[in-house]
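Trainee: Structure of the sequence below:
(2 chains)
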Amino acid sequence: MYIIGITACTAGIAHTYIAKEKLVLAAKERGHRVKIETQGTIGVEDELTKDDIRRADVVIIAADIGIKGRERFEGKKVVNVPTEMVIKSPKSMLEKIEQKLGIQAAAK
Amino acid sequence: MKLLMEDEKMKIGEVINWNAVDFDLEAADKAEALEKVCEMLYRDGSITSAEEFIRDVYLRESEGHTGIGGGIAIPHGKSEVVARTCISIARLKKPIAWETVDGEPVRVIILFAVGVRDKNSYFVKLMSQVARMLARPGVCEQLTMCTSQQKLSEILGG
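Mentor: Alright, predicted model coming up:
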């Protein structure tokens, strides 16, 4: 599936980027395509486009603070989690999402 | 996986404050460890007040776990008293208790000191690259065993 998401933490220095990397690595390992926007101290990077959002099967918002542009995901399936959950156990979180959406992990 | 290019490796070294790196730090607990790390930064002139900086670090500590698992903690402070935005690294002689996501003690402290006005600087960007590296498989484990500057650069440089 196509997973998109946003990561953002309170200080916007470290957790945002650790969470992104963990999410991307775990999603790829499970055979998904993935794009994660970061909202940190240095601003927005890898901003999600309208096309990304249109094509996405699920939106994962891993954030400890309010994020910018939440309204972009109206009508999409959105999963909200703290960054800590993504940092701690990205794979089991994705497994749960796959189960909930009835999607099997694609072959590598 | 995209590997960092040779010139990017050198850049990551620029944000690490090599005057504030210790591979054999003796500390009984988190408070003593943070004190000693801040002392290194103060001696080096990277922060102008150890007391105030520690207060800002604890403020962030109160907002959630900085122990990211795998024996690594990433305390950080955005503070008025940071003169040079940089990373200080301490590998502890003995692991210490810390609030961590995996409940395990901490062996390596990677402290991010950020000047409040440094919102969009080159160095804060480099910090995000270091954070990214910490998410890669095996990196945390390698850091807990690292005892030299050269090895540290290799691990964080990708």
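Trainee: Give me every residue in chain A lying close to chain B.
Mentor: On the criterion CB under 8 Å from any CB of the partner chain, chain B has as its neighbours in chain A the residues A:10-11, A:13-22, A:25, A:38, A:40-43, A:64, A:82, A:84, A:87-88. All C-beta spots, glycine's among them, are computed from the backbone N, C-alpha and C.
Trainee: Which of these fall in helices?
Mentor: Of the positions in the residues of chain A next to chain B, A:H15, A:T16, A:Y17, A:I18, A:A19, A:K20, A:E21, A:K22, A:L25, A:E84, A:I87, A:K88 sit in helices, assigned by DSSP state H.
Trainee: What residue in chain A comes nearest to chain B?
Mentor: The minimum distance from chain A to chain B, using CB to the nearest CB, falls at A:E21 (3.4 Å).
Trainee: what's the neighbour count on that residue?
Mentor: A:E21 has 23 neighbours, counted by other CB atoms under 10 Å in any protein chain shown.
Trainee: Pull out the buried residues from the residues of chain A next to chain B.
Mentor: A:10-11, A:13-22, A:25, A:38, A:40-42, A:64, A:82, A:84, A:87-88 (16 or more other CB atoms under 10 Å in any protein chain shown).
Trainee: Can you dump the C-alpha atoms of stretch B:62-72 in PDB for me?
Mentor: As requested, the backbone C-alpha atoms of stretch B:62-72 are provided in PDB (Å, rounded to 0.1, in the frame of the first residue of the first chain):
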ATOM      1  CA  SER B  62       9.700  16.600  31.500                       C
ATOM      2  CA  GLU B  63       7.800  16.400  28.100                       C
ATOM      3  CA  GLY B  64       8.600  12.800  27.300                       C
ATOM      4  CA  HIS B  65      11.200  10.100  27.000                       C
ATOM      5  CA  THR B  66      14.600  10.900  25.500                       C
ATOM      6  CA  GLY B  67      15.800   7.400  26.000                       C
ATOM      7  CA  ILE B  68      15.200   6.100  22.400                       C
ATOM      8  CA  GLY B  69      16.100   2.500  23.300                       C
ATOM      9  CA  GLY B  70      19.100   0.400  22.500                       C
ATOM     10  CA  GLY B  71      21.200   2.100  25.300                       C
ATOM     11  CA  ILE B  72      21.000   5.600  23.700                       C
END
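Trainee: Fine by me, we can end here.
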